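Give the three-dimensional model of this entry:
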Amino acid sequence: MIRSPSCYFLVCVALTMLLTSMAQAGYVTRSGSQLTLDDKPFYFLGANAYWLQDANESKVDEFFWYAQSFGLKVIRFWAFNHQLPRGWGDYDETQFKHMDYIIRAASYKNIKLVLSLGNTWKAYRSPEDMLRMAGVDPDQTDLLGLYRSEKFEEFYRAHIMYVVNRVNSYTGVKYSEDDTIMMWDVLNEPRCPGCTGESEEADHMSWLSRMADHLKSQAPHQLVATGTEGYFSDEANVRYNPGAGASCEGEDWVGISNLSSVDVATAHLYWRQMESIPPTWFQCDWECYFSFYKQNIDRHTWAAANMSKPIVIEEMNVIASKFTPEQRAAFFQLAYDQLLYAKATNGPLMGIMFWSAAIGKVWDDGYTIYLDGMTLPSYEPPAPAPPTSDAPAAQFAPEIERGPVYINTEGLDRFRRGDQRAACAHNASKVWLPAWTTDAINPSWYMDRTKGKQVQQIIKETADLLA
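Below you'll find the model as predicted:
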């Protein structure tokens, strides 16, 4: 039978549309104030696992097996490393290949990833490191100067392009076209402490807006977030902060979350963010924080709904040096109940990711939840895959023993504008009063409810309810 050219054209168009829909079927997408996967709302539990960059391949495989067993659907880690980058356009291929491996390992277990492209803090690759690579002396500037630096912006744009357009050496798929990667963070916790002047706030917001636009142009099928912690500075919400000085972090959470290229609002919540609470200036204890957390998340969820944006809690936990295992279990139950309620009501709170999940002898920073600390069916390592790249195999130091809990004391130094933030907080304390109350939740009810349970059990039970 002879086919007309128009018939062949229609077949080609139909085939192209089919292939396009198949290629995009696995992406997590935004639909108004919800995330969707395969045309269904995507509510999830997840975790951070920053240490994957330093783990050997067998440990990576084992971790994702445990993550899948617990029902964790999303894992967040760094898209930077000690030598990623090591100069302008210069990236260590061995470390990049290891990131390729992590991404492929996650895909094998049908786990999505959130990748942060940079850091405000010193770990792995600091902003000071990146400024030097851009030809700027960090000793002569600070975080505000970073956001205002044309040289740094040019460097960071190139960094985004280089990472997002990386072709995975194991799969042959470009990062920006891999549906395993659910979302990119422009920067981890992009504060600008003490940046409260109109021009300072505008410059910070403008930089985040331009980077989000640039990232979205490079990865149009994947979600974009900014990695914000959730500090309010707008008049309607500032009284829901954890203290007077929180508005001095230079993060206008509502304004940043409402940027056009930002798909998902994010928040990071910890007890260590709490400040003395007026009018009696008491230190927020366990019962106080329990109530604060509930009301703070409710306020963020309300604000996200008004913006028609989904919200993901990218980081949360309570530190082991200050709270008992029983209190931690009750806290996780409280947090997860809010997610279950969101699912039941089609709310914008789509996911909660705790800091952090680990296995084996990974160092405990005080927040680590060891997934192999609860009995599960025995793990059997997969057969080794043949090498698909000429890059040398990664070398890793032997694992250390699970050591004593270390309290995170990383703070605001000169570069991170500690003095400016302190001065701002002093002035803010003269007028700020909380809108939240210290007795909104009775923690003893949650303690009774979770009595005898490990955090790992609560994670598994909640994941089963979300499935």
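
List the buried residues in stretch 306-324.
For stretch 306-324, the neighbour count (16 or more other C-beta atoms under 10 Å) marks 309-320, 322-323 as buried. Placement of C-beta: from N, CA and C, glycine included.

do stretch 237-248 as well
For stretch 237-248, by 16+ other C-beta under 10 Å, it's 237-238, 240-248.

I'd like the distance from stretch 457-467 to the chain centre, please.
Centre-to-centre, stretch 457-467 and its host chain are 20 Å apart (C-alpha atoms, centre = their mean, to the nearest Å).

before we move on, what about stretch 62-80?
13 Å.

try stretch 309-326
13 Å.

Just put the buried residues of stretch 306-324 in CSV and tack on secondary structure.
Converted to CSV, the buried residues of stretch 306-324 look like this (DSSP: H, G, I helix; E, B strand; the rest coil):
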residue, secondary structure
Lys309, coil
Pro310, coil
Ile311, strand
Val312, strand
Ile313, strand
Glu314, strand
Glu315, strand
Met316, strand
Asn317, strand
Val318, coil
Ile319, coil
Ala320, coil
Lys322, coil
Phe323, coil
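
Adding distance to Leu371 and pLDDT, write those out as JSON lines.
Formatted as JSON lines, the buried residues of stretch 306-324 follow (distance: C-beta to C-beta, whole Å; pLDDT from 0 to 100):
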{"residue": "Lys309", "distance to Leu371": "31", "pLDDT": "98"}
{"residue": "Pro310", "distance to Leu371": "26", "pLDDT": "98"}
{"residue": "Ile311", "distance to Leu371": "25", "pLDDT": "98"}
{"residue": "Val312", "distance to Leu371": "20", "pLDDT": "98"}
{"residue": "Ile313", "distance to Leu371": "19", "pLDDT": "98"}
{"residue": "Glu314", "distance to Leu371": "19", "pLDDT": "98"}
{"residue": "Glu315", "distance to Leu371": "17", "pLDDT": "98"}
{"residue": "Met316", "distance to Leu371": "17", "pLDDT": "98"}
{"residue": "Asn317", "distance to Leu371": "14", "pLDDT": "98"}
{"residue": "Val318", "distance to Leu371": "18", "pLDDT": "97"}
{"residue": "Ile319", "distance to Leu371": "19", "pLDDT": "96"}
{"residue": "Ala320", "distance to Leu371": "16", "pLDDT": "95"}
{"residue": "Lys322", "distance to Leu371": "22", "pLDDT": "94"}
{"residue": "Phe323", "distance to Leu371": "20", "pLDDT": "96"}
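
Looking at these, which is nearest His300?
Ile311 (5.9 Å; C-beta to C-beta).

what's across from that closest one in the sheet?
Following DSSP bridges, Ile311 is listed with bridge partners Ala265, Leu349.

So that it lines up with my notes, have the first residue be 6 from now on.
With 6 as the first residue, the last one maps to Ile316.

For it, list the residues it contacts.
262, 269-272, 305-306, 309, 353-355 (C-beta atoms under 8 Å, 6 or more residues apart in numbering).
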